[in-house]
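Enquirer: Got a predicted structure here, sequence first:
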Amino acid sequence: MSSAPAQPATSPSKASAGVAAVAVGLLRAVRPRQWTKNVLVLAAPLAGGFLLDADVMIKVAVAFVAFTLVASGIYLVNDAADVEADRAHPTKKNRPIAAGIVSTRLAGVVAAVLLAAALAVSLLASVQLLTVIAVYIAVQLAYCWSLKHQPVLDICIVASGFLMRAIAGGAAAGIVLSQWFLLAAGFGSLFMVAGKRFAEIELAERTGARIRKSLESYSASYLRFVWALAATVLIMTYCLWALEIRAAHHNSAWSVISMAPFVVAVLRYAVDVDNGDGGEPEEIALKDRVLQVLGLIWLGTFAMAVYS
């Protein structure tokens, strides 16, 4: 009596579905929603009055692509390193790597490809941009593998990521950056990151979940102090920058007028953070309609100051 032929372990349709699930998981793991942060590469050309310069904007577009690639690669490295901690997190447990959809080995391979591609792409714009991307990779890898557990250093490193995005646009196009621009960008980044940590510690206190190890060294009052300090310096340095722009553009009043919506927007953002809604800066920006209107008013007055 002949035996029935052996059946394949998995059918072609199931194999295809598995590959598709991994591909979708990888796309989720690189966090496309976070790519909105990379528009910060426009900060330097906007401030310098170069948004209408085609050559500059091509190089800035290269910076945007480079940061999209490098940030995506770092997210994969970070999630692979944090896989066990994420599985104990109330929301991060659903991330593709923590959920087992994407293996840590595959994440590492794709991350290496993305980081190498970011370096190659950045060189299309300038050596200066390549340097910024290389420094970003080094700092972020140190953060993923060790420094994320060091209080204060973790906040400063995350804030430096926003600052380097702002610097990248200028580095790509060879734009000289104002000292007040750099200070405002730096302390603005610290303001957002301290707010994010404050929201995380509030979540940890409500749910009892262990969000991240470094939070064990913080208190809500300390994070409020950092957040308030950063907001104070941000407002001061922006106002000094606005006065510098006024002097550079024949005493135009628009830069001075722009102080009002900027300060109100910072205070409005602080309300959202104080309500525990500061987990992700882009979420606040997308949800708060009043903040969006203030941002548009500020952008309009600032553009009139620089381009009129």
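Expert: Ah, there it is. Numbering: from 1, shown residues only.

Enquirer: Ser103 - nearest residue in space that isn't next to it in sequence?
Expert: Counting by CB to CB, 6 or more residues apart in numbering, Ile97 is the residue found nearest to Ser103 once chain neighbours are left out, at 7.8 Å. C-beta: built from backbone N, CA, C; applies to glycine.

Enquirer: Please apply the same query to Met304.
Expert: Using CB to CB, 6+ apart, the closest residue to Met304 is Trp254 (4.1 Å).

Enquirer: Next one: the one you found from Ala117, what distance?
Expert: To Ala117, Trp254 is 40 Å away according to CB to CB, to the nearest Å.

Enquirer: One more: Ile133?
Expert: For Ile133, the distance to Ala117 (CB to CB) stands at 11 Å.

Enquirer: Between the two, which has more neighbouring residues?
Expert: A direct count of neighbours by other CB atoms under 10 Å for Ile133 and Ala117 places Ile133 higher, at 27 against 16.

Enquirer: Spell out which helix or strand contains that one, please.
Expert: Element membership of Ile133 [criterion: DSSP states H and E] is helix 127-145.

Enquirer: Counting neighbours, show which residues of that helix come out buried.
Expert: Under the neighbour-count criterion of 16 or more other CB atoms under 10 Å, helix 127-145 has 128-130, 132-133, 136-137, 139-141, 143-144 buried.

Enquirer: Just the residues contacting that helix, thanks.
Expert: Applying CB atoms under 8 Å, 6 or more residues apart in numbering, the contact partners of helix 127-145 are 59, 62-63, 66-67, 70, 74, 77-78, 81-82, 115, 118-119, 122-123, 154, 157-158, 160-161, 164, 167-168, 171-172, 174.

Enquirer: for stretch 107-119, same thing?
Expert: 26, 29-30, 66-67, 69-70, 72-74, 76-77, 79-80, 97, 130, 133-134, 137.

Enquirer: chain center to that stretch: distance?
Expert: 18 Å (CA atoms, centre = their mean, to the nearest Å).

Enquirer: CA atoms only for it - export them in CSV, please.
Expert: Output of stretch 107-119 as CSV, limited to C-alpha atoms (Å, rounded to 0.1, in the frame of the first residue of the first chain):
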residue,chain,number,x,y,z
ALA,A,107,16.0,44.5,12.2
GLY,A,108,19.8,44.6,12.7
VAL,A,109,20.5,43.9,9.0
VAL,A,110,17.9,46.4,7.7
ALA,A,111,19.2,49.0,10.2
ALA,A,112,22.8,48.6,8.9
VAL,A,113,21.6,49.0,5.3
LEU,A,114,19.7,52.2,6.2
LEU,A,115,22.6,53.7,8.2
ALA,A,116,25.0,53.0,5.3
ALA,A,117,22.6,54.5,2.8
ALA,A,118,22.1,57.6,5.0
LEU,A,119,25.9,58.2,4.9
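
Enquirer: Under a three-state scheme, what state does His250 occupy?
Expert: Three-state assignment for His250 (DSSP: H, G, I helix; E, B strand; the rest coil): coil.

Enquirer: For it, the count of nearby residues, please.
Expert: Neighbours of His250 (other CB under 10 Å): 7.

Enquirer: going forward, begin numbering at 49 instead of 1
Expert: Got it, first residue is 49 now, which makes that one His298.

Enquirer: follow-up on the earlier one: which of the contacts of stretch 155-167 count as buried?
Expert: 74, 77-78, 114-115, 117-118, 120-122, 124-125, 127-128, 145, 178, 181, 185.

Enquirer: mind listing which of those residues are in strands?
Expert: Assignment to strands by DSSP state E places none of the buried ones among the contacts of stretch 155-167 there.

Enquirer: Take those residues and keep only those in helices.
Expert: Among these, the members found in helices (DSSP state H) are 74, 77, 114-115, 117-118, 120-122, 124-125, 127-128, 178, 181, 185.

Enquirer: what's the closest of those residues to Tyr286?
Expert: Nearest to Tyr286 among those, counting by CB to CB, is Phe115 at 23.2 Å.

Enquirer: ok, the closest residue to the closest one other than its chain neighbours - how many residues close by?
Expert: Among residues not flanking Phe115 along the chain, Asn86 sits closest, at 4.5 Å (CB to CB, 6+ apart). For Asn86, the neighbour count with other CB under 10 Å is 20.

Enquirer: now Asn86: how far from Val319?
Expert: Asn86 is 26 Å from Val319, where distance means CB to CB.
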